[in-house]
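K.L.:
one predicted model, sequence on top.
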Amino acid sequence: MRVLERLIVSYPTLKEQHQIADYLDNKCTEIDSLIAIKQQKIEELKDYKKSIIYEYVTGKKEVDG
């Protein structure tokens, strides 16, 4: 473990760290927004599926074939 004590580690300046953090915050916000949109679409499709099933079960629509 003494090797770690002699290890030289470089890291970005504080300004660069803030820029990286800001960039990642923006990207995370963008990704969260896209996820929310996709989840909404999934819910809409589930509702549509339920309505189609209901229409066929109640006889409002008939299966061809």
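P.N.:
That came through fine.
K.L.:
make it CA atoms for all contacts and neighbour counts henceforth
P.N.:
Will do.
K.L.:
helices or strands up against the helix or strand of the chain with the lowest mean pLDDT?
P.N.:
Within the chain, no helix or strand scores below helix 2-6, which has a mean of 83 by mean pLDDT, DSSP states H and E. Of the remaining helices and strands, none touches helix 2-6 by 3 or more C-alpha pairs under 8 Å, 6 or more residues apart in numbering; DSSP states H and E.
K.L.:
which SSE is the most centrally placed residue in the chain in?
P.N.:
Nearest to the mean C-alpha position of the chain, by C-alpha atoms, centre = their mean, lies Ile35 at 3.3 Å. Here Ile35 is covered by helix 14-57, with elements defined by DSSP states H and E.
K.L.:
helices or strands up against that helix?
P.N.:
Partner elements for helix 14-57 (3+ C-alpha pairs under 8 Å, 6+ apart): none found.
K.L.:
average pLDDT for it?
P.N.:
Rounded to a whole number, the mean pLDDT of helix 14-57 is 97.
K.L.:
chain center to that helix: distance?
P.N.:
Taking C-alpha atoms, centre = their mean, to the nearest Å, one finds helix 14-57 lying 5 Å from the centre of the chain it belongs to.
K.L.:
and if you look at stretch 13-27?
P.N.:
The chain centroid and the centroid of stretch 13-27 are separated by 21 Å under C-alpha atoms, centre = their mean.
K.L.:
and that stretch, C-alpha only, in CSV?
P.N.:
Output in CSV follows, covering the C-alpha atoms of stretch 13-27 (Å, rounded to 0.1, in the frame of the first residue of the first chain):
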residue,chain,number,x,y,z
THR,A,13,-8.7,22.6,-12.1
LEU,A,14,-11.6,23.7,-10.0
LYS,A,15,-13.0,25.7,-12.9
GLU,A,16,-12.8,22.7,-15.2
GLN,A,17,-14.5,20.6,-12.5
HIS,A,18,-17.4,23.0,-12.4
GLN,A,19,-17.6,23.0,-16.2
ILE,A,20,-17.7,19.2,-16.2
ALA,A,21,-20.3,19.2,-13.4
ASP,A,22,-22.5,21.7,-15.3
TYR,A,23,-22.2,19.7,-18.5
LEU,A,24,-23.2,16.5,-16.7
ASP,A,25,-26.1,18.3,-14.9
ASN,A,26,-27.4,19.5,-18.3
LYS,A,27,-27.1,16.1,-19.9
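K.L.:
that's all I had, so thanks and see you.
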